[in-house]
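Visitor: Any chance you could fold what I've pasted below:
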Amino acid sequence: MKSGRGSSSTRVARSVLAVGCLGLTLVGNGTAQERETSSLAAARVLSESARISLVTILPGKKVYSLFGHNALRVYDPERGIDIAYNYGTFDFGNPLTFSAKFAYGDLNYRLTRQSYERMVAFYPVEEGRPIIEQVLDLDPGQRETIFRFLEWNAQPENAYYRYDFYYDNCATRIRDVLENALGEGLLVGTADPEGTMRQLLDPYLAERSWLHFGMDAGQGLPADAPATWRTELFLPDRLAEWAAAGRVEDENGIRPLVARTDSIGWTADRMALDPALNWPVFVMTAVLGLVAWITILDLRSNRSGRAWLDAPFFTLLGLAGLLVAFLWFIALHAVTKRNVNLLWALPTNLALAWATVRCSGKGWVEALLWGTAIASLLFVLGWPLWSQEVPLATLPLAVAIVVRTAGLALARRRAGAAAA
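Guide: Here you go, the predicted structure:
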């Protein structure tokens, strides 16, 4: 087994990635009981009957809940403490502001306290998402260390951090807390998973083919980094599996990290995932067929474009290009850099959309058409060579772009030759 080394508490607490913290939650102001518990907690020492649990909320059907969620529960019946510490809280505020910050990658999350009773009432009852509670087999000193750190980390001046989807979220923060508290005594019993960070998301997106397409297209080469036993813990259920396989070593020997596992809201008939058809592939293949057919008709009739087709086609491609370029060159997300999809999603397609509406016959339009065709052709020819995984649906789409732009360029050249 490998020994898991924890990061320092300073790194765990610093403010440095919805759509969600793998289970985004909005938590309002606590009840009077919670505030009272919070104010007294720092002065209390946990009793011998106290326990700390890793809580995992299973994925739900809403987009923000597709990947699940984690929290830590501190329960001490003698001290009247039953608090869930939640690293997945954010201030939604103005929807436009929130969306802009999320796209830019400058979204601050924070650690909050809430009563565990409220958490149980919300997830299994209101959202139908089961809760798995793993009671950790910690000694009194380890429990006290974790409790006091969480209380310190939940203070307003310490609670905020910059959310990162893969590397700093509600699951990785809890991993860091446990590693720091247990140090060299934490023995890791899990092996590195197969695949990349991007591929770890596939099972969670199996029912959402368009969301899967969008997330894959928006991520660049960094998302294809090989996953390790530690980096896969950004996924809440992987964190639960890691805890279940973990061991703790001390002067008394080696014991399992998890002493007991309980569940709330679990049903035997809980529905399994029902993978959706890959609709983007079907739709883009249909687009390719339509574009090829119309382009052949245009070349036979010496027609240099159809505004009803070309204007929306190139407008959508141009808007997609603006988004990909923004995510690569402006946004703070590390995993959206170096995105080969920019070859087919060129922002300059907006200029082609404008030219088709204005019926512009200027020379730069033909040059831009040829440049766009060449870029998309490079994307298609390089398909087997790209280190980046790209959605299958982009292949027929890129071919459609090659066919349409090359066809329009040829039609314009013929028209120019005829006019001369």
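Visitor: use CA for all of it now, contacts and neighbours both
Guide: OK.
Visitor: Contact partners for Ala355?
Guide: Val365 (CA atoms under 8 Å, 6 or more residues apart in numbering).
Visitor: what pLDDT does it get?
Guide: Listed pLDDT for Ala355 reads 91.
Visitor: measure it to Leu319 for me?
Guide: Counting by CA to CA, to the nearest Å, the gap from Ala355 to Leu319 is 16 Å.
Visitor: and what of Ile132?
Guide: 42 Å.
Visitor: Could you do Ala411 as well?
Guide: 25 Å.
Visitor: Show me which of those two is the more surrounded one.
Guide: Legend: neighbour count by other CA atoms under 10 Å for Ala411 and Leu319, higher for Ala411 (22 against 17).
Visitor: which element is the more buried one on?
Guide: Per DSSP states H and E, Ala411 falls inside helix 394-419.
Visitor: So which elements touch that helix?
Guide: Contacts defined by 3 or more CA pairs under 8 Å, 6 or more residues apart in numbering; DSSP states H and E place helix 394-419 against helix 279-300, helix 363-381.
Visitor: okay, those helices in JSON lines with mean neighbour count next?
Guide: Converted to JSON lines, those look like this (neighbours: other CA atoms under 10 Å):
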{"stretch": "helix 279-300", "mean neighbour count": "17"}
{"stretch": "helix 363-381", "mean neighbour count": "18"}
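Visitor: Would you mark the buried spots in stretch 336-355?
Guide: 336-350, 352-355 (16 or more other CA atoms under 10 Å).
Visitor: just stretch 210-227 next, same as before
Guide: Applying 16+ other CA under 10 Å to stretch 210-227 flags 210, 212-213, 215-224, 226-227 as buried.
Visitor: ok, which stretches of the stretch 101-250 of the chain are helices?
Guide: Along the stretch 101-250 of the chain, counting by DSSP state H, counting those that start in this stretch, helices occupy 116-120, 140-153, 170-182, 209-218, 236-245.
Visitor: picking that back up, please flag which of the buried residues of stretch 336-355 sit within helices.
Guide: Of the buried residues of stretch 336-355, the ones assigned to helices by DSSP state H are Asn349, Leu350, Leu352, Ala353, Trp354, Ala355.
Visitor: and Thr261, that's in a strand?
Guide: Yes: the assignment for Thr261 is a strand, going by DSSP: H, G, I helix; E, B strand; the rest coil.
Visitor: need the contact list for the nearest residue to it once chain neighbours are set aside.
Guide: Computed as CA to CA, 6 or more residues apart in numbering, the closest residue to Thr261 that is not its neighbour in sequence is Gln134, at 4.5 Å. If you count contacts by CA under 8 Å, 6+ apart, Gln134 has them with Ser53, Leu54, Val55, Ala240, Ala244, Val258, Ala259, Arg260, Thr261, Asp262.
Visitor: beta partners for the spatially closest residue to the last one that is not a sequence neighbour?
Guide: Spelled out, it's Asp262. In this structure, Asp262 finds its nearest non-sequential neighbour in Glu133, 5.1 Å apart by CA to CA, 6+ apart. For Glu133, the beta-bridge partners under DSSP bridges are Val55, Asp262.
Visitor: these two touch, right, Glu133 and Gly265?
Guide: No: using CA atoms under 8 Å, Glu133 makes no contact with Gly265, being 11.4 Å away.
Visitor: the bottom helix or strand of the protein by mean pLDDT?
Guide: Within the chain, no helix or strand scores below helix 9-13, which has a mean of 37 by mean pLDDT, DSSP states H and E.
Visitor: And the residue nearest to Thr261, how close does it get to Leu239?
Guide: From Gln134 to Leu239 the distance is 11 Å (CA to CA).
Visitor: still on that earlier bit, the residue nearest to Asp262: how many residues sit nearby?
Guide: Using other CA under 10 Å, Glu133 has 23 other residues around it.
Visitor: what's near enough to touch it?
Guide: Counting by CA under 8 Å, 6+ apart, Glu133 has contacts Ser53, Leu54, Val55, Thr56, Thr261, Asp262, Ser263.
Visitor: now the first one: how far from Ile174?
Guide: It stands for Ser53. In terms of CA to CA, Ser53 sits 11 Å off from Ile174.
Visitor: before we move on, what about the fifth one?
Guide: Between Thr261 and Ile174 the distance, using CA to CA, works out to 18 Å.
Visitor: neighbour-wise, which of the two wins?
Guide: Per other CA under 10 Å, whichever of Thr261 and Ile174 has more neighbours is Ile174, with 25 against 14.
Visitor: Wait, the more buried one touches Arg73, no?
Guide: No: counting by CA under 8 Å, Ile174 sits too far from Arg73 to count as a contact (11.0 Å).
Visitor: and the helix or strand encompassing Pro312 with helix 279-300, angle?
Guide: Per DSSP H and E, Pro312 falls inside helix 307-329. Inter-element angle recorded for helix 307-329 and helix 279-300: 130 degrees (by axes from the mean of the first three to the mean of the last three CA atoms, to 10 degrees).
Visitor: Please indicate which of the contacts of Glu133 are buried?
Guide: Among the contacts of Glu133, the ones that count as buried by 16+ other CA under 10 Å are Ser53, Leu54, Val55, Thr56.
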